[in-house]
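**Student:** here's a sequence, model it:
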Amino acid sequence: MRKIFKMVIILFILIPFLALPQFGFTEDYTTGERVSKEEKKKTKEEAKKAKKKEAVKMEEVVVTATRSPKSVEEVFADVDVVTQKDIENSSANNVDDILRRLGGVDIRRYSDVGFGPPISVYIRGIGGSKRVMLMMDGVPLNSPITGFLNFNQFQLSS
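**Tutor:** This is a model prediction of the structure:
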C-alpha cells in the first residue's frame, strides 16, 4: 500500500513538469558555427522583405447596381445623398470638393489638358472611369462613350 502511495505522489509531482513546454532548452539549429544576433536579425528582415514582395492574389470583386434612379430606401447598399442645403453650407468651389467630404471617396484631379481622364473617382477603393457612376438630379455625370468625368461642366452656383 505504501509503495502505491509513493508512486501516486511521485506521478503527481512529475506529470506537471513533463507537461510544461520545453522552450527554455531549445536553440536555433546551426551548422556548427556561431550565428550572431545581428546576422539573425538580418535574415529575419530579409524574410520579411521577401514576404512583402510576394504577389497577393485577391478574390474577384463583383458589384452589381442599377443604372436607374431609386429611392434610398430601395437600395440595399450604403448611399450618400448630398442635398442643396449641404452644398450651401459648405465652402466648396466645385463638385469634386463636395464629394471629397464623403467617407470612402477619393478624387484625383490630374489635369484639364492632355490625354487620359482629368478626374478619377474612387469609392471605397474601387475606381476608374467605367466602375464609378455619379448622378446629379438623376442624370449620369460620366461620359457615355468614355466613362470619364468632367466636373468643370457643372457649376455649384446654378
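**Student:** shouldn't residue 133 be in contact with residue 140?
**Tutor:** Yes. With contacts counted by CB atoms under 8 Å, residue 133 reaches residue 140, the gap being 5.7 Å. For the C-beta atoms, the positions are set from N, CA and C on the backbone; glycine is no exception.
**Student:** what's the burial count for residue 131?
**Tutor:** Per other CB atoms under 10 Å, the neighbour tally for residue 131 reads 13.
**Student:** report the separation between residue 8 and residue 39.
**Tutor:** Distance, residue 8 to residue 39, using CB to CB, to the nearest Å: 50 Å.
**Student:** ugh, wrong one, residue 126
**Tutor:** The value you get for residue 126 to residue 39, if CB to CB is used, is 44 Å.
**Student:** helices of the protein, residue ranges please.
**Tutor:** 2-19, 37-53, 84-89, 95-100 (DSSP state H).
**Student:** for residue 120, which of those is the nearest?
**Tutor:** Closest of the helices of the chain to residue 120 is helix 95-100, at 10.3 Å (criterion: CB to CB).
**Student:** just checking, what packs against that closest one?
**Tutor:** Secondary-structure packing of helix 95-100 (3 or more CB pairs under 8 Å, 6 or more residues apart in numbering; DSSP states H and E): strand 105-109.
**Student:** how many other residues sit next to residue 98?
**Tutor:** Using other CB under 10 Å, residue 98 is surrounded by 18 other residues.
**Student:** give me the number of residues near the residue nearest to residue 80 when sequence neighbours are not counted?
**Tutor:** Of all residues not flanking residue 80 in the chain, residue 102 sits nearest, at 4.9 Å (CB to CB, 6 or more residues apart in numbering). Other residues lying near residue 102 total 13 when counted by other CB under 10 Å.
**Student:** remind me which residues of the chain are low pLDDT?
**Tutor:** Within the chain, the stretches with pLDDT under 70 are 19-38, 40, 52-77, 79, 110-118, 128-130, 138, 150-158.
**Student:** quick check: residue 39 vs residue 46, distance?
**Tutor:** If you go by CB to CB, the gap between residue 39 and residue 46 works out to 11 Å.
**Student:** what does residue 93 give?
**Tutor:** With distances taken as CB to CB, residue 93 is found 50 Å from residue 46.
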